[in-house]
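>>> below are the sequence and a predicted model; questions follow.
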Amino acid sequence: MHIAYKSEASRGRRWQALCAEQAPERTFYLWPLETPASDIHYLIAWQPPADVYAHFPNLKVLFSVGAGVDQLALDALPGELPVVRMIDPGLTQGMVEYVTCGVLALQRDLPAYLAQQREHHWQPRPQRPAGATRVGVMGLGELGQAALAQLQQLGFACRAWTRSPRSLAGVAVYSGADELADFLAGTDILVCLLPLTEQTRGILDAALLRQLPEQAGLVHVGRGAQLIGPDLLAALDANRLQAAIVDVVDPEPLPEADPLWDHPRLWLTPHVASSTQADTAFQAILDNIRRYENNQPMHGHIDRERGY
Ligand code: NDP
Ligand code: OXD
């Protein structure tokens with residue numbers, strides 16, 4: 001019941017050390033392995049090798065290094081192989097920090113103040129209190145829920161949009177295509193925390209942005225392929241959108257000539273909203289391995305049909 005790892009090397013070395021300390025009965029192999037290893041049952045990877053069973057003939061579970069699994073080409077993986085995404089308290093905390101920071105920056109008009117500073121222009125602007133600012137989060141999963149809990153504490157008026165109907169104390173929840181327009185119409189700051197699937201590819205387009213109130217803001221932390229960049233720039237240029245904070249683009253890194261680099265009211269970060277934190281994430285993986293071996297459901301087990 002050993003483990004193999006194929007991703008960023010320094011994290012692998014840390015996990016190897018943690019495994020030796022916390023699960024000494026297991027060997028933690030780093031990629032590349034010299035020969036197919038029949039005693040490896042668990043693979044932790046950002047992207048597995050093309051034919052997983054050729055390398056790991058007795059593989060039982062594939063763990064994604066990240067919260068997203070869109071990089072995995074799910075259709076190419078053996079149908080019976082369980083795939084598990086990362087649910088890591090450290091990663092969740094990082095996302096809460098980034099989303100809160102982005103929402104506060106937009107609520108407090110920081111992009112406009114930065115532009116004013118560049119022009120040496122001293123001009124207070126009207127202040128919109130948190131309680132009068134409606135934040136709408138697309139995606140009410142692990143990360144969306146945690147971000148909303150923090151935003152509620154700060155007093156924002158919170159709403160969310162999901163695929164399936166549900167309720168959450170203090171949050172107005174909208175679901176499905178039929179309720180998207182109502183959700184958007186009452187959203188001053190939109191946060192995208194959706195997984196990338198065929199349904200969400202290109203979802204942040206002109207038609208969607210047009211349904212937001214005038215001067216709405218955007219924090220995009222889902223996946224780059226959800227955003228139609230030229231549509232966002234057009235909405236900013238037309239002054240329909242106040243500003244946007246964008247952490248994910250397609251492709252990454254953003255090509256040198258892409259106009260997203262240069263819009264004065266668009267803040268760009270290089271896919272750093274959050275990331276898997278080695279120590280807390282290793283605990284989560286070990287916990288899931290133990291769950292698997294005890295026939296208990298694993299946290300973050302992907303539904304192949306839904307794609308997340
Ligand atoms: P979850 O799987 O826990 O949650 C996904 C949420 O999205 C669910 O609420 C789901 O609805 C909703 N959803 C999925 N498809 C649709 C749809 N078609 N329409 C409406 N709602 C939909 O994911 P996480 O919260 O863990 O992560 C979300 C994403 O965040 C990741 O997939 C990744 O892309 C991104 N991410 C970005 C990072 C960054 O640094 N920028 C870091 C980590 C993650 P329902 O509840 O009905 O199933
Ligand atoms: C992830 C990411 O999905 O880093 O974990 O984007």
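Here it is on my side, so go on. Residues are numbered from 1 along each chain as shown. Ligands and ions are numbered 1, 2, ... in the order given.
>>> secondary structure class of the closest residue to Leu212 other than its chain neighbours, three-state.
Distances taken as CB to CB, 6 or more residues apart in numbering place Leu184 nearest to Leu212, at 5.4 Å, with adjacent residues excluded. No exception for glycine: its C-beta is placed from N, CA and C like everyone else's. Following DSSP: H, G, I helix; E, B strand; the rest coil, Leu184 is assigned to helix.
>>> tally of neighbours for Leu184?
Residues lying near Leu184 (other CB atoms under 10 Å) number 21.
>>> so it makes contact with Leu204?
No: using CB atoms under 8 Å, Leu184 is not in contact with Leu204; the gap is 10.9 Å.
>>> which residues do these two both contact?
The contact sets of Leu184 and Leu204 do not overlap (CB atoms under 8 Å, 6 or more residues apart in numbering).
>>> would Arg159 count as being in a helix?
No: Arg159 is assigned strand when assessed by three-state DSSP, not a helix.
>>> got the contact list for the residue nearest to Leu212?
Leu184 is in contact with Gly136, Leu190, Leu208, Gln211, Leu212, counting by CB under 8 Å, 6+ apart.
>>> do that again at 7 Å, thanks
When contacts are counted by CB atoms under 7 Å, 6 or more residues apart in numbering, Leu184 touches Leu208, Gln211, Leu212.
>>> confirm the first one sits in a helix?
Yes: residue state for Leu208 (three-state DSSP) corresponds to a helix.
>>> most neighbours out of the contacts of Leu184, which is it?
Greatest neighbour count in those, by other CB under 10 Å, goes to Leu212: 23 neighbours.
>>> residues in contact with that residue?
For Leu212, the contact set (CB under 7 Å, 6+ apart) comprises Leu184, Thr187, Leu190.
>>> pick the one among these closest to ligand 1.
Using CB to the nearest ligand atom, Leu184 is the member of the contacts of Leu212 that lies nearest ligand 1, at 12.3 Å.
>>> on that earlier part again, just checking: which of the contacts of Leu212 also lie near ligand 1?
With the criterion set as CB under 6 Å from any ligand atom, no member of the contacts of Leu212 is near ligand 1.
>>> spell out which parts of the stretch 51-200 of the chain neighbour ligand 2.
Contact residues (CB under 6 Å from any ligand atom) of the stretch 51-200 of the chain with ligand 2: Gly66, Ala67, Gly68, Met86.
>>> just those now: which is nearest Leu154?
Nearest to Leu154 out of those is Ala67 (CB to CB; 23.3 Å).
>>> quick one: contacts for the closest one?
Applying CB under 7 Å, 6+ apart, the residues near Ala67 are Arg85, Met86, Leu91, Leu143.
>>> residue of the stretch 51-200 of the chain with the smallest distance to ligand 2?
For the stretch 51-200 of the chain, CB to the nearest ligand atom, closest residue to ligand 2: Gly66, 2.8 Å.
>>> look up the closest residue to that residue, ignoring the ones flanking it.
Spatial nearest neighbour of Gly66, excluding adjacent residues (CB to CB, 6+ apart): Met86 at 5.5 Å.
>>> which residues are in contact with the longest helix anywhere in the chain?
Longest among the helix segments of the chain by residue count, using DSSP state H, is helix 89-107. Helix 89-107 has contacts (CB under 7 Å, 6+ apart) with 67, 128, 130, 133, 135, 142-143, 146-147, 150-151, 156, 189, 191, 217, 219, 221, 242-243, 245, 247, 273-277, 280-281.
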